[in-house]
Each structure stands twice: as C-alpha cells, then as structure tokens.
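Chemist: Following is a predicted model, sequence given first.
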Amino acid sequence: MKIRCIAVDDEPPALKILADYCSRVPYLQLIATTSDPLDAIQKIRNEKPELIFLDIQMPEIDGLSIARNIENSPLFIFSTAHSKYAVEGFNLNAIDFLLKPYDFDRFLKAVLKAKKELELRATALPNINNDFIVVRIDYQNVKIQLSDILYIESLDNYVKIHTPAKNYVTLQSLKQMTTMLPADIFVRVHKSFIVSIPHISHFSREFISIEKHSVPIGRSYVQEFMKIAKDKS
C-alpha cells in the first residue's frame, strides 16, 4: 500500500531531512511539504493525506493546534526538540513522537507503526454486513451489533457510539461512519449526530428522544429527517 503523507516543519533543514527519509521508504508518497502552519492546514484539508509529519513548535500556530483543527482522521507523527510535549501529542492520538534530532532508524520505526495501523483500519472498515459493524478501539477490532446502536456522536476526530450497555469511542469522522451504516436504519440529524430510527421514542422539529437521551436536530437536517420519520411511521 502507498501511504500519502505531508511534512510540516518551520525549519527548512528539518523538512529536507524528512523528505530524504521519506524517499528511502518505498511505500511513502510525500505529496507536499510546507513550513507555513496556515498553508499546512489548507494542504491537509485539500489533499487529505493518510499520514502527517508535524512539528509542534512553530510560529503563529503550533502543531498541536493544527492537529486539533483537522476534521478527517489522518495519523500524526509529531516531532519537537522538547519531550514535554509528548503527553499532549499522544492525547491527540499521535501514532508516534520523534524527539529531535532523530535518525533514519527511529523515523522508520515510527513509520512502521503508522503502516500497521493503516493496514488494520483498511481490514476493519470494510467488515460490514446487515447485522454489525467493526471499528478500531485501542488497537483492537470491536464488533458492534447494529441493533444495539442508539445514536452516534461526533467528538472532533473521534466518534462516540452510544449503546444501552456501554459507549465506544473510535478514531473516525461522522462522515466515515455514515458510509458504514445502512441508510434505511440510520440517519444524520445534525452535524454532530447520527441516530438509529428504530430506537426513536418520540421527536419534534428540534429534538429526538432515544431512551433517556435527547439529541438535537440541526436546522439544515430538519426537512429531510421529518420526511424520513413520517415515511417510517
């Protein structure tokens, strides 16, 4: 598999090293480099890479802020000269953390982690049938019965899948979840929510009640939801 990646660092020598290291790995495709944080955000949104090499300490916008503002779900390998940022980097689901200066062997170790994770995602996402979905949670594939899902909530780069027994948090976007779910059972009702139609107890134009939960309906979703709800009633 080819891994499309972008390198972001405000130091040109560091970018040159990253480009050289990437060129040595056959399955890495470096599609863009930039030293400008604002340009980085635009490139990431336009190109939608699977992997981002991201320096933490940069002027104007730091790497951690960039990661928080990316809506799709790429993998991040952070780099910095200061280890104090490692904890926050891993809290943003970094696949690895490179402490400058690092050599090619350490770089390759981080890349191999990313490759393994992307391969696991690729095998998990298509594993869908009429009864369940499979999602990645804490480096494991977890099967969730569709009939158990009450609703799904967006949490930045993650989603929380609500069921009666427990909640599951996985690194995906709500848009990705939509492609995994049967459209005759699940409907998006808000930029941050997907609901299970069979579990709806009652609804208005503003809110949906599912068991003890109340889910808002976004203005741009009201008309479509009301049509679907009436068709199903």
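Modeler: Nice, thanks for sending it over.
Chemist: Just name the shakiest helix or strand of the chain by mean pLDDT.
Modeler: The weakest-scoring helix or strand in the chain, judged by mean pLDDT, DSSP states H and E, is helix 86-91 (a mean of 51).
Chemist: how about whatever helix or strand comes next after that one: buried residues?
Modeler: Remark: after helix 86-91, the chain's next helix or strand is strand 94-99, criterion DSSP states H and E. Buried residues in strand 94-99, counted by 16 or more other CB atoms under 10 Å: 94-98. Yep, even glycine has a C-beta here, placed from its N, CA and C like the rest.
Chemist: Same check on stretch 54-71?
Modeler: 54-58, 62-64, 66-67, 70.
Chemist: Could you do stretch 165-181 as well?
Modeler: Applying 16+ other CB under 10 Å to stretch 165-181 flags 168, 170-174, 176-177, 180-181 as buried.
Chemist: now swap in stretch 156-167 and tell me
Modeler: Here stretch 156-167 shows 157, 159, 161-163 as buried, counting by 16+ other CB under 10 Å.
Chemist: Please apply the same query to stretch 19-26.
Modeler: 21-22, 25.
Chemist: So which of those are in strands?
Modeler: With strands taken from DSSP state E, there is no overlap with those.
Chemist: Need these in a markdown table (columns: distance to Ile217 and pLDDT).
Modeler: As requested, the buried residues of stretch 19-26 are exported to a markdown table (distance: CB to CB, whole Å; pLDDT from 0 to 100):
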| residue | distance to Ile217 | pLDDT |
| --- | --- | --- |
| Tyr21 | 48 | 97 |
| Cys22 | 45 | 96 |
| Val25 | 47 | 96 |
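Chemist: Tell me the first helix or strand C-terminal of the longest helix along the chain.
Modeler: Longest helix of the chain, by residue count under DSSP state H: helix 104-124. Moving toward the C-terminus from helix 104-124, the first helix or strand encountered (DSSP H and E) is strand 132-137.
Chemist: Which of the three states applies to Asp39?
Modeler: The three-state assignment at Asp39 reads helix, by DSSP: H, G, I helix; E, B strand; the rest coil.
Chemist: Around it, how many other residues sit close by?
Modeler: By the criterion of other CB atoms under 10 Å, Asp39 has 12 neighbours.
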